[in-house]
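Peer 1: Pasting a predicted model and its sequence here:
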Amino acid sequence: MVVVGADVHKRTHTFVAVDEVGRQVGSKTVAASTAGHQVAVRWVRERFGGEVLWAIEDCRHLSARLERDLLTSGQSVVRVPPKMMAEQRRVARTRGKSDPIDALAVARAAQREPDLPVAAHDEVSRELKLLVDRRDDLVKHRTATINRLLWRVHELDPGISPPERSLDLATHQQALAAALDRFDGIVAELARDELADIVDLTKRINGLERRITDRVRDVAPTLLAMPGCGPLTAAKIVGETAGVTRFRSEAAFARHAGIAPIPVWSGNTRGRVRLTRSGNRQLNAAIHRIAITQIRLDGLGKTYYEKKKAESMSTPEALRCLKRRLARIVFNHLITDQAAAATGLATAA
């Protein structure tokens, strides 16, 4: 099978095709538009026929449109992590850096790793990812504004400073607004303006949270019922997974999430493993939050964690084992929810 590697940019995409032994057999650069993508598909079909695998460097903002156009055209697409492409380019005989060199590295990396995540056209997960990412951006903006406001309040009168982490609540916002009304001058004026920004951001954040909660209840009820998994965490998992059926097994899902352990043994240390720092860190963080919550609650998660601690494991080792177990449970819940959604769509049709 011919593998076509893609190096994606804002204005152009460069494609390099390699045969089954990794030898370059063709290259083409097209515009980063739907028309350009169709030109690339026609080029591949004319030169190499239908048995082709497209390998795209996993840069979602740059590659999302390309993925959608390729999948709409009935092509098979896999996502290659940038780190894997960079490693392939480092060990290649070709020196330097160019778009064709990068595309060639992507294609050869896909050949070397047969179990890469398959790209899927999943509008539900994409919608949730966009909503969660937007909410996260607004929360960061609000936090920065709160920090600036607190310094202005401290300059005016430290005695009117609100309690820590309270300015997302309407009661404390109103109390601070009333206190600021007693002051004149540019500092007080800027403080009132920043407080108004915080109030507006809070309304938008809460609105997005309600929308995310309603959506995730529809698409992932089984996952949402999992102890320690709130609506925002469930939405983060669904959005970052981007279609659970693209993973061949729960082990592949755990590896994608950076939860599968890495072997680090030699000689007398046989069987020793450690955490990996690769994988999707957003997905890893979401499962980590579930693990930390379950440790604090009575239930199977806490029992399993304490069992591992009783086996003389350290706290990080026991937590790693719990996260690996939770990755399996999360994967099964996602499979259940997706199957239920597919059944509902079939019934409605």
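Peer 2: Sure, I can see it.
Peer 1: Check which helices and strands the helix or strand hosting Lys307 sits against.
Peer 2: If you go by DSSP states H and E, Lys307 is part of helix 300-310. In terms of contacts (3 or more CB pairs under 8 Å, 6 or more residues apart in numbering; DSSP states H and E), helix 300-310 is packed against helix 281-296, helix 315-348. Any C-beta I mention is one placed from the backbone N, CA and C, and that applies to glycine too.
Peer 1: Single out the most deeply packed of those helices.
Peer 2: Ranked by mean neighbour count, the helices and strands packed on helix 300-310 are led by helix 281-296 with a mean of 19 (mean count of other CB atoms under 10 Å).
Peer 1: Okay, angle between it and helix 300-310 too, please.
Peer 2: Helix 281-296 and helix 300-310 are oriented at 80 degrees to each other (axes from the mean of the first three to the mean of the last three CA atoms, to 10 degrees).
Peer 1: chain center to helix 281-296, what's the gap?
Peer 2: Offset of helix 281-296 from its chain centre (CA atoms, centre = their mean, to the nearest Å): 14 Å.
Peer 1: residues making contact with it?
Peer 2: 226-229, 233, 236-237, 240-241, 256-259, 300-302, 305, 319, 322-323, 326-327, 330 (CB atoms under 8 Å, 6 or more residues apart in numbering).
Peer 1: Of those, select the buried ones using a ChimeraX command.
Peer 2: Of the contacts of helix 281-296, the buried ones go into a single ChimeraX selection, burial set by 16 or more other CB atoms under 10 Å:
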select :226,228,229,233,236,237,240,241,256,257,258,259,301,302,305,319,322,323,326,327,330
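Peer 1: hmm, who's touching the helix holding Lys307?
Peer 2: With contact meaning CB under 8 Å, 6+ apart, helix 300-310 is reached by 227-228, 290-291, 294-296, 315, 317-319, 321-322, 325-326.
Peer 1: give me that answer again for 7 Å
Peer 2: Pro227, Ala291, Gln294, Ile295, Ala318, Cys321, Leu322, Arg325 (CB atoms under 7 Å, 6 or more residues apart in numbering).
Peer 1: sorry, back to before: export the helices and strands packed on helix 300-310 to TSV and tack on mean pLDDT?
Peer 2: Below are those laid out as TSV (pLDDT from 0 to 100):
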stretch	mean pLDDT
helix 281-296	95
helix 315-348	87
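Peer 1: JSON lines for those, including distance to Val39?
Peer 2: Shown next, in JSON lines, are these (distance: least, CB to CB, whole Å):
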{"stretch": "helix 281-296", "distance to Val39": "34"}
{"stretch": "helix 315-348", "distance to Val39": "33"}
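Peer 1: ok now do Pro114, which residues does it touch?
Peer 2: Contacts here follow CB under 7 Å, 6+ apart; on that basis Pro114 touches nothing.
Peer 1: Could you look up the SS state of it?
Peer 2: Per DSSP: H, G, I helix; E, B strand; the rest coil, the local secondary structure of Pro114 is coil.
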